[in-house]
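Engineer: My questions concern the predicted model and sequence given below.
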Amino acid sequence: VGARGLICPSVWHLLAPFVEEDEVLVLTQSNFAQALQKHPLLLVEFYAPWCRPCQALAPEYAKAAAVLKDEGSPVRLAKVDAVEERLLSAEFGATEYPVLKLFRDGNRTHPANFTGRDVRLFYDVASDAPDAAFAVTNHPELFQMYNITSGSTVVSLFRKVSPGFCRECDRFWKGRPQLSLPVMLPQNASRIFGAQVPNHLLLFLNKTVDSQLELLDSFRGAASAFRGKVLFVLADVDGEGAGVLHYFGLKSQDAPAIRFIHIETNTKYRLDTDELSAATVHTFCRDVLGGKVQPHLMSEEIPRDWDKQPVKVLVGKNFEQVAFDEAKSVFVKFYAPWCPHSKAMAPAWEELGQKYDGHPDIVIAQMDATANEVAGLPVPAYPTLYYFPAGDERKVWGLGWEGGYAGVQASCVSGGGCQPRDPEGPKNTQSSPEASEPHAEL
């Protein structure tokens, strides 16, 4: 006790061992930096205790952590309770759970940062090809198995039908097509949207229509100029790509169509032209990256009877006018029609609307977040609740939901106990414990 008393309490945590649960490091704001310094390869899971996918991942994550530790691997697995550690989750953009981030060599600002020409090139190729598996190893037994000289850099290409080698990184690059278009398939959609390149350009077409297939050459022709900057993706609206249409507010009959999305901010851009050529695609990508194109926000048409029921119906086109009415306090539910948790909340929301129906200064509303978007208001899960208090300060409150009518009424009356959010872009809005992930259908 005496020895500890001589140490400044603010630095005592630097000398204390990490807490582990099932071989997984438990990280907090106070020991996160120390963990990055101690472990050159650190895979961190940002989770929420109430999140069912997180609960399902936990035992497998623990098994992997135990195996890596037993083998003496430099990779360590860790986890952060994103609900308790809000500063960390906000810093790394953990707005839905679980989220996995790999930190290398203590790099806190760019988790995927690598150095070295050959390794850099290899990872650039990997980021362009989420439909293939890439790996890096320095294991002596593998070097011996494939007769590779220690200290050299070799790229090995394995195919299911005919294994083979390409001995030089540059040769591997040049031997690869200009850019293969990863087809939007159920088994690799998550890998595409989790790719290292955050900018994606999607071509939606019907592969059964010959005139649309001819557009592929133009799409490929524009791709080479943006390698490493933009990932070009093909989505067949008559096949496996149909499942992603709703995410961009598209229908199969809208093909051919092009959409640009920045994955990290969920910002979408629309190419408004009937002429899809290599030149128009190139110009579009260049202008989006240069900040010359305004984001495209989805919106349905305003229903004629949008304000006739106790629960008002908002769409993108009337959201600003209603939500930021200085004379009214507005409580909005962002939902998905297919989401079971949104459906479960519907009766309580309707009851709340009836309770405040007729109050001139209170509005209970809802918006289909799968078909409408609002700039600066992320919807990390379904349902998500936002409260817009009356006044000219344009405050936004992200609210929790305990479930049932009493829960939503308490949120409305108390403000949910959350801090007000900047309407220009809340970065860590906490969603309800029973919420569905908005990207689940991908």
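Structural biologist: Thanks, I have the structure now.
Engineer: and the longest helix for the protein?
Structural biologist: helix 52-70 (DSSP state H).
Engineer: Now that helix: buried residues?
Structural biologist: 54, 57-58, 61-62, 64-65, 68 (16 or more other C-beta atoms under 10 Å). (Each C-beta comes from the backbone N, C-alpha and C, glycine too.)
Engineer: ok, then the element right after that helix?
Structural biologist: Tracing the chain C-terminally past helix 52-70 and defining elements by DSSP states H and E, one meets strand 75-81 next.
Engineer: Packing partners of that next one?
Structural biologist: With contacts defined as 3 or more C-beta pairs under 8 Å, 6 or more residues apart in numbering; DSSP states H and E, the packing partners of strand 75-81 are strand 24-27, helix 32-38, strand 41-47, helix 52-70.
Engineer: For the first one, buried residues please.
Structural biologist: Right, strand 24-27. Result for strand 24-27 [16+ other C-beta under 10 Å]: buried residues 24-25, 27.
Engineer: For it, name the packing helices and strands.
Structural biologist: Using 3+ C-beta pairs under 8 Å, 6+ apart: strand 24-27 touches helix 52-70, strand 75-81.
Engineer: Make JSON lines out of those and add mean pLDDT and distance to Leu43.
Structural biologist: Below are the helices and strands packed on strand 24-27 laid out as JSON lines (pLDDT from 0 to 100; distance: least, C-beta to C-beta, whole Å):
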{"stretch": "helix 52-70", "mean pLDDT": "86", "distance to Leu43": "9"}
{"stretch": "strand 75-81", "mean pLDDT": "92", "distance to Leu43": "5"}
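Engineer: Leu36: neighbour count?
Structural biologist: Leu36: 20 surrounding residues under other C-beta atoms under 10 Å.
Engineer: And it, how close does it get to Ala66?
Structural biologist: 22 Å (C-beta to C-beta, to the nearest Å).
Engineer: Ok, Asp236 next?
Structural biologist: 41 Å.
Engineer: Where does the prediction get shaky in the stretch 301-442 of the chain?
Structural biologist: For the stretch 301-442 of the chain, applying pLDDT under 70 flags the ranges 399-442.
Engineer: Do a quick rundown of the strands in it.
Structural biologist: Here the stretch 301-442 of the chain has its strands, by DSSP state E, counting those that start in this stretch, at 312-313, 329-335, 362-368, 384-388, 396-399, 420-421.
Engineer: now those strands in JSON lines, with distance to Pro303?
Structural biologist: Converted to JSON lines, the strands of the stretch 301-442 of the chain look like this (distance: least, C-beta to C-beta, whole Å):
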{"stretch": "strand 312-313", "distance to Pro303": "5"}
{"stretch": "strand 329-335", "distance to Pro303": "16"}
{"stretch": "strand 362-368", "distance to Pro303": "11"}
{"stretch": "strand 384-388", "distance to Pro303": "20"}
{"stretch": "strand 396-399", "distance to Pro303": "24"}
{"stretch": "strand 420-421", "distance to Pro303": "27"}
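Engineer: Dump those to JSON lines, plus mean neighbour count and distance to Gly353.
Structural biologist: Shown next, in JSON lines, are those (neighbours: other C-beta atoms under 10 Å; distance: least, C-beta to C-beta, whole Å):
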{"stretch": "strand 312-313", "mean neighbour count": "20", "distance to Gly353": "8"}
{"stretch": "strand 329-335", "mean neighbour count": "24", "distance to Gly353": "9"}
{"stretch": "strand 362-368", "mean neighbour count": "22", "distance to Gly353": "4"}
{"stretch": "strand 384-388", "mean neighbour count": "24", "distance to Gly353": "13"}
{"stretch": "strand 396-399", "mean neighbour count": "22", "distance to Gly353": "16"}
{"stretch": "strand 420-421", "mean neighbour count": "18", "distance to Gly353": "23"}
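Engineer: Identify whichever of the ones you listed lies nearest to Leu142.
Structural biologist: strand 384-388 (46.8 Å; C-beta to C-beta).
Engineer: tell me the angle of the closest one relative to strand 329-335?
Structural biologist: 160 degrees (axes from the mean of the first three to the mean of the last three C-alpha atoms, to 10 degrees).
Engineer: Could you please name the strands strand 384-388 pairs with and the direction of each pair?
Structural biologist: strand 329-335 (antiparallel), strand 396-399 (antiparallel) (DSSP bridges).
Engineer: neighbouring contacts of the first one?
Structural biologist: With contact meaning C-beta atoms under 8 Å, 6 or more residues apart in numbering, strand 329-335 is reached by 314, 322-323, 342, 345-346, 349, 352, 361-369, 377, 379, 382-390, 411-412.
Engineer: Pull up the gap between Phe204 and Leu213, please.
Structural biologist: If you go by C-beta to C-beta, the gap between Phe204 and Leu213 works out to 13 Å.
Engineer: With neighbour numbers in mind, choose between those two.
Structural biologist: Phe204 (25 against 13).
Engineer: and the more buried one, what element?
Structural biologist: strand 199-205.
Engineer: Okay, buried residues for the helix or strand just after that strand please.
Structural biologist: Downstream of strand 199-205, the first helix or strand assigned by DSSP H and E is helix 210-213. If you call a residue buried by 16+ other C-beta under 10 Å, then helix 210-213 has these buried ones: Gln212.
Engineer: cool, stretch 89-104 as well?
Structural biologist: Buried, per 16+ other C-beta under 10 Å, within stretch 89-104: 89, 92, 94-101, 103-104.
Engineer: how about those residues in JSON lines, adding distance to Glu373, secondary structure and pLDDT?
Structural biologist: Output for these, formatted as JSON lines (distance: C-beta to C-beta, whole Å; DSSP: H, G, I helix; E, B strand; the rest coil; pLDDT from 0 to 100):
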{"residue": "Ser89", "distance to Glu373": "23", "secondary structure": "helix", "pLDDT": "84"}
{"residue": "Phe92", "distance to Glu373": "23", "secondary structure": "coil", "pLDDT": "82"}
{"residue": "Ala94", "distance to Glu373": "21", "secondary structure": "coil", "pLDDT": "79"}
{"residue": "Thr95", "distance to Glu373": "15", "secondary structure": "coil", "pLDDT": "76"}
{"residue": "Glu96", "distance to Glu373": "16", "secondary structure": "coil", "pLDDT": "76"}
{"residue": "Tyr97", "distance to Glu373": "22", "secondary structure": "coil", "pLDDT": "80"}
{"residue": "Pro98", "distance to Glu373": "24", "secondary structure": "coil", "pLDDT": "83"}
{"residue": "Val99", "distance to Glu373": "21", "secondary structure": "strand", "pLDDT": "83"}
{"residue": "Leu100", "distance to Glu373": "26", "secondary structure": "strand", "pLDDT": "84"}
{"residue": "Lys101", "distance to Glu373": "26", "secondary structure": "strand", "pLDDT": "85"}
{"residue": "Phe103", "distance to Glu373": "31", "secondary structure": "strand", "pLDDT": "84"}
{"residue": "Arg104", "distance to Glu373": "34", "secondary structure": "strand", "pLDDT": "81"}
